[in-house]
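J.: Prediction below, plus the sequence it came from.
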Amino acid sequence: MMQCQWCEEESARISQSTVYWELPDGTRAIQITETPTITCDSCGMLYQEESLIDELEDHLMLINTKTLPKCMSYQALMAEPKLLKRNYFRF
């Protein structure tokens, strides 16, 4: 168990969930299944760690989002080929 960032109880655990993410160009959102998630058994909160959010948002900046389906798994999304080596807009 780990500490929940919301209620600070030692009742959080790593799980997976479905999330909906707006693409960087704002044209639409996609459903991402099997996304690594922190689930708190005490307060019921489900959330993604900040490092995962940064990784996901950077990856969406670096791939061709126009070809993405409406729904895909986290693993499949992160396997999409990058157009650039890194996000040059993150300082």
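T.: Cool, got the structure.

J.: you'd agree Met2 is up against Glu8?
T.: No. At 10.9 Å, Met2 does not count as touching Glu8 under the criterion of Cβ atoms under 8 Å. Placement of C-beta: from N, CA and C, glycine included.

J.: and Leu23, how many neighbours?
T.: 15 (other Cβ atoms under 10 Å).

J.: helices and strands around the helix or strand where Ser15 lies, which ones?
T.: Using DSSP states H and E, Ser15 maps to strand 12-22. Here strand 12-22 touches strand 29-40, going by 3 or more Cβ pairs under 8 Å, 6 or more residues apart in numbering; DSSP states H and E.

J.: Could I get the average pLDDT for the next helix or strand after the strand it packs on?
T.: Sequence-wise, the next helix or strand downstream of strand 29-40 (DSSP H and E) is strand 46-47. Per-region confidence: strand 46-47 scores 98 on mean pLDDT.

J.: For strand 46-47, which helices and strands make contact with it?
T.: strand 29-40.

J.: Relative to the strand it packs on, what are the paired strands and their orientations?
T.: Here strand 29-40 has these sheet partners by DSSP bridges: strand 12-22 (antiparallel), strand 46-47 (antiparallel), strand 71-73 (parallel).

J.: Quick one: end-to-end length of stretch 54-68, please.
T.: Stretch 54-68 has an end-to-end distance of 19 Å (criterion: Cα to Cα, to the nearest Å).
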